[in-house]
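Novice: I'll drop the sequence and a predicted model, then ask my questions.
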Amino acid sequence: QVQLVESGGGLVQAGGSLRLSCAASAPTFSTYTMGWFRQAPGAEREFVAAISWSGGSIYYGDSVKGRFTISRDNAKDTVYLQMNSLRPEDTAVYYCAADGRKGWSAWTTGRGYVEYWGQGTQVTVSS
């Protein structure tokens, strides 16, 4: 069982930055692909970013490319999401996710079908 706890959400003005963290409780954290999804009110859950166990492969959703950066520290069992140039449309609950299976389809298909989810952290961007 993997437990994920997000932190770092909050209120920020448009153009600002936030860094989300996700601390994982997993005996083999370094073997999991980690990532982030988000869900805005009234919208479907959306893929944001994912990073492979080694950090060698990274994927971003189209709406955040060039503004968000995902990274991980396997020594600390933590994954990060640096969010720059934030826009009001980035307002959402951000969920940390983990998946131990190979491939990326669980991340990039529909609403996401990964194995483990965090509880979410609210990010609000004011205009």
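Specialist: Received it, and whenever you're ready, just let me know what you need.

Novice: Okay, helices next: where are they in the protein?
Specialist: 105-108 (DSSP state H).

Novice: Please pull out the lowest mean pLDDT helix or strand from it.
Specialist: helix 105-108 (a mean of 91; mean pLDDT, DSSP states H and E).

Novice: Pull it out as CSV, backbone CA atoms only.
Specialist: What follows is helix 105-108, C-alpha atoms only, in CSV (Å, rounded to 0.1, in the frame of the first residue of the first chain):
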residue,chain,number,x,y,z
SER,A,105,-1.2,4.7,-20.5
ALA,A,106,-2.5,4.9,-16.9
TRP,A,107,-1.4,8.5,-16.8
THR,A,108,-2.4,9.7,-20.2
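
Novice: what does stretch 57-77 contact?
Specialist: Stretch 57-77 has contacts (C-beta atoms under 8 Å, 6 or more residues apart in numbering) with 23-26, 29-30, 34-36, 46-53, 55, 78-86, 89-90, 104, 107-108. Every C-beta, even on glycine, is put in place using the N, C-alpha and C of the backbone.

Novice: who's in contact with Leu81?
Specialist: Contacts of Leu81 by C-beta under 8 Å, 6+ apart are Arg19, Leu20, Cys22, Trp36, Val48, Ala49, Phe68, Thr69, Ile70, Tyr94.
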